[in-house]
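**Q** Build me a model from this:
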Amino acid sequence: MAKIFTYRAPVATQTALEPLRILWKRLSHQHYIYLALVGILTITLDVAILHLLLSCFPTHDKSLLLMYSTIAYGLGTLSSFALSIQWAMINKQRFTISEIIHLFLLNIAGLLGSDSILMLSGRTLYPGFSPNLVWILTGKMTMITFVLLAAYAGMRRLFARSQEQWEQADCATSLATGMQSQAGTTRAAYTKHSLSVIMPAHNEEVAIAQTVLTAIDAVSSWTQDFEIIVINDGSKDHTQEILEEIATWDTHVHVIQHEVNKGYGAALVSGFEAVSKDLVFFMDSDGQFDIYDLERFFPLIEHYDAVLGYRVDRQDTWVRKLNAWGWKMLVRLVFKLRVRDVDCAFKLYRAQFFHDHKLETRGAMINTEVLYKFRRAGYTYTELGVRHLPRRGGRATGAKPAVIARAFRELFLYARKWHREERRQKELLHHK
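**A** As a prediction, the model looks like this:
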């Protein structure tokens, strides 16, 4: 099995640079040292650039003075961001869309704080807003006390979260690699449970054959008691013909046909209702996930009722990433559901949950419903990072206006219904 999320430099290069690399990692892992140095450099550049602008282009105009301050702070912030990216690359970390948005908002807040404190300092120290260079720089230094502390706190939390995410992925990789070495040269069954694999498909003729065949190869090396359920959700291309051909020569493959496109949630529900094994795993059929990442989930499912994947280095457009982040924040607000990647289509559950609970949504709300009812029923879960690959073909449909409208309609409709049910349950327990 290929190692995941790790990179090994050539031996000669790694040996030659090892002392420097170790020293750098020891320093850079101390977030307070690194971020303090970046902050000092940022402020130094800010003040120096403002001093240069005022020396070369003196002005008495308030608006122009604030523009100078904004330019100076912006250039200092760019240098800070570049150094942060370099820090992340050296420590083999990558920013998620959530972290980039946090960093952007933090810098906007810093810019507003810089200009506001500059104005306040000027009016307090020198009424009339006299463009004296001494009080301007005094205002800048006053800003250091407040903005730098806020930036330090925010960026330290950002980097600490990113570090935790990658350490978890590396830990899981080491665990899976250790299991493989114990198994020897022959691949052994990694799970004692039977397994149902669910894959919704809609117009995936380019990727569907390779995705299904790879799934057969992978799952058959982990357990001999499995089924692969592919739901063709009203495809207009050759997806159905390809699936039927595969199913004729491999009895593990079962195809469910939706004559018309019913939506992602409806396809998953059809799969959940058809499962007959101990464990239920589902993933998309567009080739953006590597099913071999699933073997890292098996040790964890022995201790939890579900293992939830989250995409590391998500290979989607920034618009889809932004939409996903907004949806995650809304779900967190409405349902108090704190999950890294609520709609990641790479999750492993114990099948009993789907036998005991009726699913009501049929659109993009399906993952939220499953996790909400899963948590409400008292089941346990953990989360693990998985690779996300570029699409091999087909078209993503999650950003269509009709899909988004249906998701919001289901969210508000069922949020009201489920919250009422929760209140009734609490009242009944209280009376008992």
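
**Q** where along the protein do the helices fall?
**A** Taking DSSP state H, the helices of the chain run over residues 11-28, 31-56, 62-90, 97-125, 133-143, 149-183, 208-220, 239-249, 264-274, 298-301, 318-335, 352-356, 366-376, 401-431.

**Q** tell me, which of these is the model least confident about?
**A** Out of the helices of the chain, helix 11-28 stands lowest, with a mean of 43 (criterion: mean pLDDT).

**Q** close enough to count as contact, residue 280 and residue 272?
**A** Yes. Between residue 280 and residue 272 there is a contact under C-beta atoms under 8 Å: 6.8 Å. C-beta: built from backbone N, CA, C; applies to glycine.

**Q** Report the set of residues contacting both of the two.
**A** With contacts taken as C-beta atoms under 8 Å, 6 or more residues apart in numbering, the residues that reach both residue 280 and residue 272 are 198, 354.

**Q** Surely residue 238 touches residue 205?
**A** Yes. The criterion here is C-beta under 8 Å, and residue 238 meets it with residue 205 at 4.5 Å.

**Q** Name the residue in the two with the higher neighbour count.
**A** Ranked by neighbour count (other C-beta atoms under 10 Å), residue 238 and residue 205 place residue 205 first, with 18 against 15.

**Q** Quick check: pLDDT value at that one.
**A** 92.

**Q** and stretch 271-291, which residues are buried?
**A** For stretch 271-291, the neighbour count (16 or more other C-beta atoms under 10 Å) marks 271-272, 275, 277-291 as buried.

**Q** try stretch 50-68
**A** Using 16+ other C-beta under 10 Å as the test for burial, stretch 50-68 gives 50, 51, 53, 54, 65, 68.

**Q** Now tabulate these in TSV and tack on distance to residue 327.
**A** Shown next, in TSV, are the buried residues of stretch 50-68 (distance: C-beta to C-beta, whole Å):
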residue	distance to residue 327
50	41
51	45
53	43
54	46
65	42
68	40
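
**Q** Contact partners for the residue nearest to residue 53 when sequence neighbours are not counted?
**A** Closest residue to residue 53 apart from its sequence neighbours, by C-beta to C-beta, 6 or more residues apart in numbering: residue 68 at 4.5 Å. Residue 68 is in contact with 50, 53, 54, 57, 59, counting by C-beta under 8 Å, 6+ apart.

**Q** and residue 241, how many neighbours?
**A** Here the number of neighbours of residue 241 (other C-beta under 10 Å) works out to 12.

**Q** Roughly how far does it sit from residue 275?
**A** Residue 241 is 25 Å from residue 275, where distance means C-beta to C-beta, to the nearest Å.

**Q** repeat for residue 193
**A** 12 Å.

**Q** Before we move on, what's the pLDDT of residue 281?
**A** Confidence score, pLDDT, at residue 281: 98.

**Q** excluding its backbone neighbours, what's nearest it?
**A** Closest to residue 281 by C-beta to C-beta, 6+ apart is residue 348, at 4.7 Å.

**Q** now swap in residue 422 and tell me
**A** residue 376 (7.1 Å).

**Q** Over to residue 193?
**A** Using C-beta to C-beta, 6+ apart, the nearest residue to residue 193 is residue 278, at 4.0 Å.

**Q** Can you give me every residue that contacts the closest residue to residue 294 other than its chain neighbours?
**A** Excluding the flanking residues, the one nearest residue 294 by C-beta to C-beta, 6+ apart is residue 281, at 6.2 Å. Residues near residue 281 by C-beta under 8 Å, 6+ apart: 195, 196, 197, 198, 294, 297, 347, 348, 349.

**Q** at 7 Å what do you get?
**A** 195, 197, 294, 348 (C-beta atoms under 7 Å, 6 or more residues apart in numbering).

**Q** ok, the residue nearest to residue 281 touching residue 307?
**A** Yes. Residue 348 is within contact range of residue 307, at 4.6 Å (criterion: C-beta atoms under 7 Å).

**Q** Now the common contact residues for those two.
**A** Applying C-beta under 7 Å, 6+ apart, one finds that residue 348 and residue 307 are jointly contacted by 297, 301.

**Q** What count of nearby residues applies to the residue nearest to residue 268 when sequence neighbours are not counted?
**A** Once flanking residues are discounted, residue 268 sits nearest to residue 366: 5.3 Å by C-beta to C-beta, 6+ apart. Residue 366 has 24 neighbouring residues, counting by other C-beta under 10 Å.

**Q** check contacts around residue 366.
**A** Going by C-beta under 7 Å, 6+ apart, the list of residues near residue 366 reads 264, 265, 268, 269, 359.

**Q** Mind putting these into a markdown table with distance to residue 404 and neighbour count?
**A** Listed next are the contacts of residue 366 as a markdown table, based on distance: C-beta to C-beta, whole Å; neighbours: other C-beta atoms under 10 Å:
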| residue | distance to residue 404 | neighbour count |
| --- | --- | --- |
| 264 | 12 | 26 |
| 265 | 13 | 24 |
| 268 | 18 | 24 |
| 269 | 20 | 24 |
| 359 | 20 | 17 |
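
**Q** Can you tell me which of those residues is closest to residue 221?
**A** residue 268 (25.2 Å; C-beta to C-beta).
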